[in-house]
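**Student:** Sharing a sequence plus its predicted fold:
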Amino acid sequence: MSAAWNEFQTVIATLGELHALLDRLRGEFVRGIKTPADYERATDLLDALTDGRELSKTEEEILVELEDEILGYQRNCEQFRESNAAFEATCTPVQLIKDLMETLGLTGSDLPEIGDKTAVSKVLNGDRPISHKMAYALAERFAMEPSAFLTAASAKVTAHIE
């Protein structure tokens, strides 16, 4: 019993140290990326957190916050303006869906938010527009903004309605 108790105490101490480390990392990286060096350290941490192992709840929270900070830095940093503009010019809603399908290994049957396999095919070929209902369903599934799945004209209508 004594050996088990000692092992338990060791695990508790290790978890306490890990929690303190994660809090330090959260304070250092998540509460603001101001410089290219901050950005580099933050992306290194992001890579470390997304190494394929299962994350703790605290690590998941930090990961979400970190991704938001990195995206915010990329959106506002002069260094990324040109590439952001080029990406936005070429990334249509249909291309976004195709990229998500490729990245996640999805087929037309895996997107009930759009409809059956035939409906998905029509959307991907440009024969059928992405409806607002589809856009909201896809946005919920992929944790994105609905406007990412709408054309510029449709997104303006949605923004006006909201």
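**Tutor:** Yep, it's here. Keep in mind that this is a model prediction, so the values were computed, not measured.
**Student:** Neighbours of Gly108, how many?
**Tutor:** 17 (other Cβ atoms under 10 Å). Backbone N, C-alpha and C define where each C-beta goes, glycine included.
**Student:** what about the nearest residue to it once chain neighbours are set aside, which helix or strand?
**Tutor:** Nearest in space to Gly108, with sequence neighbours left out and distances taken as Cβ to Cβ, 6 or more residues apart in numbering, is Val120 at 3.7 Å. In this structure, Val120 sits in helix 117-125 according to DSSP states H and E.
**Student:** Give me the distance from that helix to the chain's centre.
**Tutor:** 25 Å (Cα atoms, centre = their mean, to the nearest Å).
**Student:** Give me the next element, helix or strand, following it.
**Tutor:** In N-to-C order, the element after helix 117-125 by DSSP H and E is helix 132-142.
**Student:** Neighbours of Ile114, how many?
**Tutor:** 24.
**Student:** Same check on Ala85?
**Tutor:** 10.
**Student:** Right, I'll leave it there.
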